[in-house]
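Undergrad: structure, please.
(2 chains)
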2 protein chains.
Amino acid sequence: MLPVVVVHGGAGHIPKERTEESTIGVKEAARTGYAILQRGGSAVDAVVEAVALMETNPRFNAGRGSVLNIKGEVEMDALVMDGRTLDSGAVSAVRRIANPVQLARLVMEKTKHLCLTAEGASKFARSMGVPEVPEESLITDYAKMRWKKNLEPDANPVECQMGKMGTVGAVAVDMDGNIACATSTGGMINKMEGRVGDTPCVGCGGYADNKIGAVSPTGHGEAIMKVTLSRLVLFHMEQGKTPEEASDLALAYMKERVDGLGGVVVVDHNGTWAARFSSLQMSWAAAQQGKLHFGLFHGDHFTEPVEEHT
Amino acid sequence: MLPVVVVHGGAGHIPKERTEESTIGVKEAARTGYAILQRGGSAVDAVVEAVALMETNPRFNAGRGSVLNIKGEVEMDALVMDGRTLDSGAVSAVRRIANPVQLARLVMEKTKHLCLTAEGASKFARSMGVPEVPEESLITDYAKMRWKKNLEPDANPVECQMGKMGTVGAVAVDMDGNIACATSTGGMINKMEGRVGDTPCVGCGGYADNKIGAVSPTGHGEAIMKVTLSRLVLFHMEQGKTPEEASDLALAYMKERVDGLGGVVVVDHNGTWAARFSSLQMSWAAAQQGKLHFGLFHGDHFTEPVEEHT
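TA: Numbering: from 1, shown residues only, chains lettered A, B, ... in the order given. Predicted coordinates for the structure are as follows:
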């Protein structure tokens, strides 16, 4: 059953003209993570590089392609967690970084802290030699269009957010049975300056524990925080639920208790995985035993060989 | 059994010359919270005002009296959570604010977000008319002395932190059975600029749910985050453990799994409360049924009437 990697490219209602690109993006990310695992790479390597690929892809709300805050700027959150040690690294409201998830990994590996925010995160990036990129290089025309649309007085950014594209994330178990998760996002469209969502908050925007499994969520960040969604899924698994049962229980609870929609990708320590969502759609892909699984709508479960025959 | 409020003034090893002041401080805070509850105030009112009092008190590592970051500056984190709605508000790495917990409450009540960080939090404070205070007004001679001492090459800030004084926090249940928690801190001594600890992270630095109870923790922030300590205590309570049993289980797990020490104050929805710690000391006080309970060392449980007879 090992190794395995599962990725998501955000929950919500993905516009028809973007569904194909979103599916291509998550499949590429799952293949990238799986190739790392197959050559003996760690779960942390796999989730960070899978997420970094989606950050670089302008079709997702993370890195390049991030939604804009109310001022039209990009502020990003990212998290990585290593299930061996429960160590994690996060950045919040960081600017002008191409791959926030890689910076989060440096926070985990090179500091005694678990989270650095805003200008402090930028200073740390400079001290590590991480290049600062021009803000414009992160901003797509699509993000600008949506920002302007949501400045209108009757706009509903939460609905618009759920209606388009979301956070990206990945979970993996490597050949040694080590487990990790990573999540990265531009946050909520037209958010206030300095708004921090669920992503960099351990237990909300992700959690990984070798003894249980790992979760990376997507959806309405504030709802995810209210129910500490990632840790909640894992608590259900500790009580004997499968990844699929645990995900469905936690997502149903989030809907009922705080009226929140979203989705999760989950693995347990045996390599059993799930990709579940309460939103209309979630783009997801998983790679295991040479096979690539993927889907977008409820009930979708397509497969093809991981090795592409071209 | 209702109403009830329990507060802490930090876990660790409190120097002898400061123990009396720390005990006076937590007793005052518990009395303040209890008076609010007795006149029909909400649990949120009680925890916010109890914590604000300890922020104003220079003897605690929150608000005035906060520890300094590596540059000798004050950056503060705070959280408040309302167990009725699971709504919460937080600020991280905020500067020049006398009472971060009150700003966190404004984030909860006046925005659609749950957390604002750094300069974004400051801008929100200005927009709400919260006065900016001079940084020097938050810095005590004691904090400056400890900052300088920890700049020395052989310093051990984590040990020093645990060896002195910590985060402040409160949990309460009001007459209507509503539950809340609040936590506030200057963070870890000589931390990197922009370091965010457990406090503003929902489920780590606090959690409140009317259906279960509430927790406010103190101790080594990074260890608290690794085990999502507050949510962990409440999960044990959901499984039928008492607040005391749940606290002891979660603190023992934090010690065993990630070598972390700390403490918690806890209430359940019936008003049963606990103040437990794995560190050498934790200053705590609780007020219930006209009686004030307090202690500092393991085994301490002193009582006196809430109404002071002077």
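Undergrad: run through chain A and note the low-pLDDT ranges.
TA: Scanning chain A for pLDDT under 70 picks out the ranges A:156-165, A:309-310.
Undergrad: tell me which residue lies farthest from the centre of it.
TA: What lies farthest from the middle of chain A is A:Pro153; by CA atoms, centre = their mean that is 30.1 Å.
Undergrad: where does that residue sit: helix, strand or coil?
TA: Following DSSP: H, G, I helix; E, B strand; the rest coil, we place A:Pro153 in the coil state.
Undergrad: now stretch A:89-103: how far from the chain's centre is it?
TA: Centre-to-centre, stretch A:89-103 and its host chain are 13 Å apart (CA atoms, centre = their mean, to the nearest Å).
Undergrad: does chain B sit close to it?
TA: Yes. Using CB under 8 Å from any CB of the partner chain, stretch A:89-103 reaches chain B at A:90, A:92-93. Quick note: C-beta positions are derived from backbone N, CA and C, even for glycine.
Undergrad: from those, which is closest to A:Glu136?
TA: When those are compared for distance to A:Glu136 (CB to CB), A:Ala93 wins out at 18.7 Å.
Undergrad: show me the contacts for the closest one.
TA: Shown in contact with A:Ala93 (CB atoms under 8 Å, 6 or more residues apart in numbering or on different chains): A:75-77, A:117-118, A:121, A:194-196, B:117-118, B:120.
Undergrad: run the last query once more with 7 Å
TA: Contacts for A:Ala93 (CB atoms under 7 Å, 6 or more residues apart in numbering or on different chains) come out as A:75, A:77, A:117-118, A:194, A:196, B:117-118, B:120.
Undergrad: could you do A:Gly205 as well?
TA: Shown in contact with A:Gly205 (CB under 7 Å, 6+ apart): A:79, A:183, A:198-199, A:217, A:230.
Undergrad: am I right that it is in a helix?
TA: No. Using three-state DSSP, the assignment for A:Gly205 is coil, not a helix.
Undergrad: which residue sits closest to the residue in the stretch 151-300 of chain A that chain B sits nearest to in space, ignoring its chain neighbours?
TA: Relative to chain B, the nearest point of the stretch 151-300 of chain A is A:Gly194 (1.4 Å; CB to the nearest CB). If the residues on either side of it in the chain are set aside, A:Gly194 comes closest to B:Gly120, at 1.4 Å by CB to CB, 6 or more residues apart in numbering or on different chains.
Undergrad: count the residues that sit near the one you found.
TA: Other residues within reach of B:Gly120, judged by other CB atoms under 10 Å in any protein chain shown, total 28.
Undergrad: which stretches of the stretch 1-150 of chain A form helices?
TA: A:16-38, A:43-56, A:100-110, A:118-127, A:141-149 (DSSP state H, counting those that start in this stretch).
Undergrad: how about the residues of chain A by chain B?
TA: When proximity is defined as CB under 7 Å from any CB of the partner chain, chain A approaches chain B at A:86-87, A:92-93, A:111, A:113-121, A:123-124, A:191-196, A:201-204, A:222, A:225-228, A:231, A:235, A:257-258.
Undergrad: residue contacts, the nearest residue in space to A:Pro134 that is not next to it in sequence?
TA: The shortest distance from A:Pro134 to any non-neighbouring residue, by CB to CB, 6+ apart, is to A:Arg96 (7.2 Å). Contacts for A:Arg96 (CB under 7 Å, 6+ apart) come out as A:132-133, A:135.
Undergrad: same question for A:Leu296.
TA: A:Leu296 neighbours (CB under 7 Å, 6+ apart): A:14, A:19, A:23, A:281, A:283.
Undergrad: just send these back as a markdown table, with neighbour count too.
TA: Below are these laid out as a markdown table (neighbours: other CB atoms under 10 Å in any protein chain shown):
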| residue | neighbour count |
| --- | --- |
| A:Ile14 | 26 |
| A:Thr19 | 14 |
| A:Thr23 | 21 |
| A:Gln281 | 20 |
| A:Ser283 | 36 |
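Undergrad: centroid residue for chain A?
TA: Taking CA atoms, centre = their mean, the centroid of chain A lies closest to A:Gly169, which sits 2.2 Å from it.
Undergrad: and that one, how close does it get to B:Gly221?
TA: Distance, A:Gly169 to B:Gly221, by CB to CB, to the nearest Å: 24 Å.
Undergrad: do the same with A:Leu234
TA: The gap separating A:Leu234 from B:Gly221 is 21 Å, by CB to CB.
Undergrad: ok, those two, which is more surrounded?
TA: Higher neighbour count among A:Leu234 and B:Gly221: B:Gly221, with 32 against 27, using other CB under 10 Å.
Undergrad: hmm, B:Ile189 and that one touching each other?
TA: No. Taking contacts as CB atoms under 7 Å, B:Gly221 lies outside contact range of B:Ile189: 11.3 Å.
Undergrad: how about the strands in chain A?
TA: A:4-12, A:76-82, A:87-94, A:115-117, A:168-173, A:179-185, A:207-209, A:213-219, A:262-268, A:273-277, A:281-288, A:291-297, A:302-305 (DSSP state E).
Undergrad: now, of the ones you listed, which is deepest in the fold?
TA: Most buried of the strands of chain A by mean neighbour count (mean count of other CB atoms under 10 Å in any protein chain shown) is strand A:168-173; its value is a mean of 36.
Undergrad: about what we covered before: for A:Thr140, find the nearest of the strands of chain A.
TA: Shortest distance between A:Thr140 and these, using CB to CB, is found for strand A:76-82: 13.9 Å.
Undergrad: the closest one pairs with which strands?
TA: Looking at strand A:76-82 with DSSP bridges, its partner strands are strand A:87-94 (antiparallel), strand A:179-185 (antiparallel).
Undergrad: let me know the angle separating that strand from helix A:43-56.
TA: Orientation note: strand A:76-82 sits at an angle of 160 degrees relative to helix A:43-56 (axes from the mean of the first three to the mean of the last three CA atoms, to 10 degrees).
Undergrad: hang on, the earlier thing: what separates the residue nearest to A:Pro134 from chain B, distance-wise?
TA: To chain B, A:Arg96 is 15 Å away according to CB to the nearest CB, to the nearest Å.
Undergrad: mind checking how far that residue is from A:Val267?
TA: A:Arg96 sits 33 Å away from A:Val267, going by CB to CB.
Undergrad: now A:Ser278
TA: From A:Ser278 to A:Val267 the distance is 19 Å (CB to CB).
Undergrad: and A:Val168, by the same measure?
TA: 16 Å.
Undergrad: can you tell me the closest non-neighbouring residue to the residue nearest to the centre of chain A?
TA: The nearest residue in space to A:Gly169 (CB to CB, 6+ apart) is A:Ser216, at 3.0 Å.
Undergrad: any idea how far that neighbour is from B:Leu116?
TA: Using CB to CB, A:Ser216 is found at 24 Å from B:Leu116.
Undergrad: which of the contacts of A:Leu296 lies closest to A:Ala52?
TA: Of all the contacts of A:Leu296, A:Ser283 has the smallest distance to A:Ala52: 17.1 Å, by CB to CB.
Undergrad: ok, now which ones touch that closest one?
TA: Contacts for A:Ser283 (CB under 7 Å, 6+ apart) come out as A:8-10, A:14, A:22-23, A:26, A:296.
Undergrad: what's the closest of the residues you listed to chain B?
TA: Using CB to the nearest CB, the contacts of A:Ser283 come closest to chain B at A:Gly10, 19.0 Å.
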